[in-house]
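Asks: 3D model of this:
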Amino acid sequence: MRTTLRILTFFALSVGTTGVAQERGRDGQVNVFFWQAPSLLNPYLTAGLKDLEPAGVVLEPLARFDDSGALVPWLARDIPTQDNGGITEDLQSVTWVLRDNLLWSDGTPVTSEDIRFTWQYCIAEGGGCAQFERFAGISDIEVPDPKTAILRFDAPKAYPYKAFVGLGSPILQAAQFADCLGPRAPTCTAENFAPIGTGPFLVEEFRANDVALFAANPNYREAGKPAFSHMLVKGGGTAETAARAVLETGEFDYAWNLQLSPDVLKRMAAREKGIVITGFSTLVEQIFLNLSNPDPALGDKRATSGNPHPALSDPAVRQALSMAIDRQLLVEIGYGQTGRVTCNTVPAPAAFRSDANEACQAQDIEGARALLDDAGWVDNNGDGVRDRDGTELRFVFQTSVNAVRQNFQNAIKQWWSAIGVETQLRTIDASVFFGGDASSPDTVQKFFVDVQMFANMFDGTDPEAYLAGWRCDRTPTPENQWQGSNYARFCDPEFDALTDQMSRTANSEERAVLGRKMNDILVQNFVTLPLIDRGRVSAHSVTLGGVRLNTWDSELWNIADWTRVKAE
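Replies: Residues are numbered from 1 along each chain as shown. The predicted structure is shown next:
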């Protein structure tokens with residue numbers, strides 16, 4: 001793997017605090033290790049952070065969340081509110097105005113037509129847009145002039161900061177993606193691998209599931225930024241190899257998502273070549289239970305709604321699986337101070353965190369056994385596995401390749417065995433598992449097994465879009481290119497009605513009540529088994545300055561401000 005490449009020269013200058021002009025690209029190359037390698041750079045065709053974060057250095061939204069969780073303008077001039085006239089009194093339209101003189105990296109102007117096109121791209125039938133829920137309720141986008149976009153809603157929208165806000169909803173260049181609408185979207189390899197953007201970097205080279213090389217954008221709006229002429233994103237390997245490359249060998253400047261035990265990180269950091277950084281937000285390690293039948297014999301109907309799972313459709317089975325887990329022990333063996341037990345799929349902000357599910361804090365093996373007994377799941381043939389009406393409790397449990405997750409799998413397998421459930425463990429390379437490739441049978445969206453485990457989160461501090469992702473119509477199907485976010489195939493009209501109500505509710509306290517109710521429906525139906533409220537853990541070199549860990553948006557959100565500094 002090459003870590004040094006040809007350097008381009010950019011002449012954009014700015015004046016620093018010393019009064020000396022700063023040259024764009026002055027600090028050479030910055031090397032970033034994403035051990036879960038990106039598969040593509042189009043956020044509308046993936047929900048994986050491993051894809052979204054590298055794409056975010058190229059593609060940008062109108063607004064995003066800073067490292068405190070505050071909403072800040074990005075490509076927009078300001079944040080529209082009712083006070084400044086950007087949101088109408090009836091809450092049925094919001095007006096965004098672009099900054100002056102915005103250019104795409106190819107030198108052409110960014111206009112409101114690009115905003116309108118991005119909406120059309122995501123809602124196009126058959127396109128499988130992974131971010132569809134962000135655009136729910138938009139009936140039209142008007143573009144009265146090249147800088148202004150007016151989003152019209154089909155009903156009052158109390159929280160209008162979903163479309164074009166945050167890491168997963170950037171602006172696409174209409175000219176580049178014009179021929180990529182609907183079913184053609186996933187076939188546009190050149191566009192999906194090398195989108196034209198407004199960010200501090202542009203794509204120079206991209207090899208899926210391997211390496212990406214970005215060059216400083218000569219048309220970036222801030223003079224003298226970025227400080228680095230190139231950014232190399234290395235994929236593959238493990239969290240441990242990524243951490244070692246920063247903390248021990250110093251070959252890389254930044255290592256993302258270091259899902260490692262605390263003692264391993266502490267030992268590496270003792271070399272004093274790098275710094276471990278952590279922060280909590282909404283990242284939850286959780287188990288998803290498949291309510292549909294993943295039997296290959298079903299053919300095209302495999303793992304689709306309308307074909308209930310022969311065992312996991314029983315709430316008693318799902319609850320027993322949850323009761324058998326010792327979550328506190330998982331925290332101790334996996335995360336230490338960078339993890340804490342959670343019984344909620346929405347752990348933050350505090351107003352949205354429910355206190356109605358705390359029973360999961362304590363393991364209850366005997367209670368789980370009794371629950372299964374009462375539901376008629378007993379071991380009829382003495383082989384140690386419970387069964388009922390010819391169906392045995394034998395599950396395939398998959399997750400990504402990672403030392404911590406494999407430790408979790410082994411522990412959970414033992415606990416489930418103690419209640420009469422047999423578990424076959426399966427591991428998948430993270431680049432494939434989180435890749436969203438509609439042709440792969442091994443993605444989190446396809447869910448062609450019974451049980452899967454990974455971490456899920458939402459950006460920003462409002463969970464409306466995340467919770468709406470559990471609606472009946474967000475189930476992955478062949479028709480939507482398997483891009484839905486309702487991995488469990490959960491469907492509840494009451495839940496859907498609450499998402500509609502939340503979209504119309506402006507009062508913050510009432511929104512929090514609705515959010516907690518939806519969280520409780522998901523958790524108390526045991527379609528997801530929250531395990532650990534995980535802190536984000538990454539590391540950077542002592543020679544890398546300007547890093548501000550952002551757990552509410554992207555860890556690379558301010559990469560334009562990163563610089564090379566001397567080690568002390």
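Asks: from now on I want contacts and neighbour counts done on CA atoms only, so please keep to that.
Replies: Noted.
Asks: distance from the strand or helix carrying A175 to the middle of the chain?
Replies: Here A175 sits within helix 174-177, counting by DSSP states H and E. Remark: helix 174-177 is offset 25 Å from the chain centroid, using Cα atoms, centre = their mean, to the nearest Å.
Asks: by contact count, what packs against that helix?
Replies: helix 112-123 (3 or more Cα pairs under 8 Å, 6 or more residues apart in numbering; DSSP states H and E).
Asks: now do the helix it packs on: everything it contacts.
Replies: Helix 112-123 is contacted from outside by 44, 98, 127-129, 131-132, 135, 141-143, 145-149, 171-174, 180-182, using Cα atoms under 8 Å, 6 or more residues apart in numbering.
Asks: and those residues, which are buried?
Replies: Neighbour counting over the contacts of helix 112-123 (16 or more other Cα atoms under 10 Å) leaves 44, 98, 127-129, 131-132, 135, 141, 143, 147-149, 171-174, 180-182 as the buried ones.
Asks: among the contacts of helix 112-123, which lie within strands?
Replies: Among the contacts of helix 112-123, DSSP state E puts 141-143, 145, 148-149 in strands.
Asks: list the buried residues in the helix or strand just after the helix holding A175.
Replies: Next along the chain after helix 174-177, taking DSSP H and E as the criterion, comes helix 189-193. Neighbour counts using 16+ other Cα under 10 Å place 191-193 of helix 189-193 among the buried residues.
Asks: reformat these as a markdown table; add pLDDT and distance to Y161.
Replies: Output for those, formatted as a markdown table (pLDDT from 0 to 100; distance: Cα to Cα, whole Å):
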| residue | pLDDT | distance to Y161 |
| --- | --- | --- |
| E191 | 98 | 26 |
| N192 | 98 | 25 |
| F193 | 98 | 27 |
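Asks: out of these, which is nearest to R386?
Replies: For those, the residue nearest R386 by Cα to Cα is N192; the value is 47.0 Å.
Asks: is the closest one in contact with Y44, as I believe?
Replies: No. Applying Cα atoms under 8 Å as the test, N192 and Y44 come out as separate, 9.4 Å apart.
Asks: low-confidence ranges in this structure?
Replies: Residue ranges of the chain with pLDDT under 70: 1-21, 568.
Asks: would you mind giving the domain segments of it?
Replies: Using automatic domain parsing, the domain parsing of the chain gives 1-57+199-278+536-568, 59-187, 284-534.
Asks: would you confirm that L498 contacts N519?
Replies: No. Between L498 and N519 there is no contact under Cα under 8 Å: 10.8 Å.
Asks: the more surrounded of those two?
Replies: With neighbours defined as other Cα atoms under 10 Å, L498 and N519 compare such that N519 has more, 25 against 18.
Asks: secondary structure element for that one?
Replies: helix 508-524.
Asks: buried residues in stretch 322-340?
Replies: 322-328, 330-332, 334-336, 338-340.
Asks: for the stretch 151-300 of the chain, just list every one of the helices.
Replies: 174-177, 189-193, 239-247, 262-269 (DSSP state H, counting those that start in this stretch).
Asks: do the stretch 451-568 of the chain as well
Replies: Applying DSSP H, counting those that start in this stretch to the stretch 451-568 of the chain gives helices spanning 464-468, 493-504, 508-524.
Asks: out of those helices, which comes closest to L291?
Replies: Among the helices of the stretch 451-568 of the chain, the nearest to L291 by Cα to Cα is helix 508-524 (12.5 Å).
Asks: what's the burial count for Y466?
Replies: Residues near Y466, counting by other Cα under 10 Å, number 20.
Asks: for the residue nearest to D51 when sequence neighbours are not counted, what are its contacts?
Replies: Of all residues not flanking D51 in the chain, P38 sits nearest, at 4.6 Å (Cα to Cα, 6 or more residues apart in numbering). Contact analysis of P38 by Cα under 8 Å, 6+ apart lists 50-51, 54, 208-211, 235, 431, 435.
Asks: now swap in Q524 and tell me
Replies: Going by Cα under 8 Å, 6+ apart, Q524 touches N357.
Asks: could you do the one 5 residues further on as well?
Replies: Contact partners of L529, counting by Cα under 8 Å, 6+ apart, are 286-289, 322, 343, 345, 523.
Asks: most neighbours among those residues, which one is it?
Replies: Most surrounded of the contacts of L529: other Cα under 10 Å gives T345, at 30 neighbours.
Asks: please give me every residue in contact with that residue.
Replies: Counting by Cα under 8 Å, 6+ apart, T345 has contacts 284, 286, 519, 522-523, 528-530.
Asks: again, 7 Å this time
Replies: With contact taken as Cα atoms under 7 Å, 6 or more residues apart in numbering, T345 is in contact with 284, 519, 530.
Asks: from the residues you listed, pick the one nearest L298.
Replies: P530 (29.5 Å).
Asks: please report the distance of the nearest residue to that closest one once chain neighbours are set aside from D462.
Replies: The shortest distance from P530 to any non-neighbouring residue, by Cα to Cα, 6+ apart, is to Q286 (4.3 Å). From Q286 over to D462 the distance is 20 Å, taken as Cα to Cα, to the nearest Å.
Asks: again, but for R184
Replies: Separation of R184 from D462 (Cα to Cα): 32 Å.
Asks: the more surrounded of those two?
Replies: Neighbour tally, R184 and D462, criterion other Cα under 10 Å: the higher count belongs to D462, 22 against 12.
Asks: for the nearest residue to A185 once chain neighbours are set aside, what are its contacts?
Replies: Nearest residue to A185 in three dimensions, chain neighbours excluded: G127, at 5.7 Å (Cα to Cα, 6+ apart). Residues counted as contacts of G127 (Cα under 7 Å, 6+ apart) are 181-183, 185, 480.
Asks: which one of those residues is nearest to W562?
Replies: After measuring the contacts of G127 against W562 - Cα to Cα - the closest member comes out as A185, at 33.3 Å.
Asks: N357: how many residues sit nearby?
Replies: Counted by other Cα under 10 Å, the residues lying close to N357 total 14.
Asks: surely it meets V341?
Replies: No. Checked against Cα atoms under 7 Å, the pair N357 and V341 is beyond contact range at 11.6 Å.
Asks: I am finished for the moment; much appreciated.
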